[in-house]
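In: Need a 3D model of the sequence below.
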Amino acid sequence: MGCRIRVGVGLPQSHPGRGKTSAPAAGLVGYKVSEVEVGRTVFELEPREYHYNPFASVHGGILSTLLDTAMTSAVMSTLPKGLVCATVEIKVNFIRPVTEKTGLVRCEARPIHVGKRLATVEGRVTDQEETILAHGVSTCAIFKVRN
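Out: Coordinates of the predicted model:
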């Protein structure tokens, strides 16, 4: 399925003990890592009917999960070894409905600011024509890895 972001390196790494699979949520939701570099990540999702809400479009929680994952990973890619981050706040705007007919969607995320204790980050979900479907901003807490 995808890869996990390796802290402080900005490169994909397989989840220990799972070969090339990624975090369990990736398997559940169906997203995958497409591109990773320091300060930028791109995740992709192929919308399917099982992602739908009762109104025949992709549930906002699915798109929020995609944004949260890409945005947190973008911050993680900038952190030195020994530091991690976690989302403390997320705001998502849904611009257009997403369905199977939309085709592959991409979520690109980039940090806005990375400080000692907090980071802010933005992300955009677009279709293949780069039309914005949803966008979000997030605040992440930065802290030391606990052993």
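In: looking at the chain, which helix or strand is least sure?
Out: Lowest mean confidence among the helices and strands of the chain (mean pLDDT, DSSP states H and E): strand 12-13, at a mean of 42.
In: from the middle of its chain, how far away would the next helix or strand after it be?
Out: Counting by DSSP states H and E, the element after strand 12-13 in chain order, helix or strand, is helix 24-29. Chain-centre distance of helix 24-29: 12 Å, with CA atoms, centre = their mean, to the nearest Å.
In: ok, now stretch 137-147?
Out: The answer for stretch 137-147 is 15 Å, by CA atoms, centre = their mean.
In: Helix, strand, or coil at the residue nearest the centre of the chain?
Out: With distances taken as CA atoms, centre = their mean, the residue of the chain nearest its centroid is Ala70 (1.9 Å). Using DSSP: H, G, I helix; E, B strand; the rest coil, the structure places Ala70 in helix.
In: Please, which helix or strand holds the closest residue to it other than its chain neighbours?
Out: Distance criterion CB to CB, 6 or more residues apart in numbering; nearest residue to Ala70, sequence neighbours excluded, is Ala109 at 3.9 Å. Every C-beta, even on glycine, is put in place using the N, C-alpha and C of the backbone. Following DSSP H and E, one finds Ala109 within strand 105-114.
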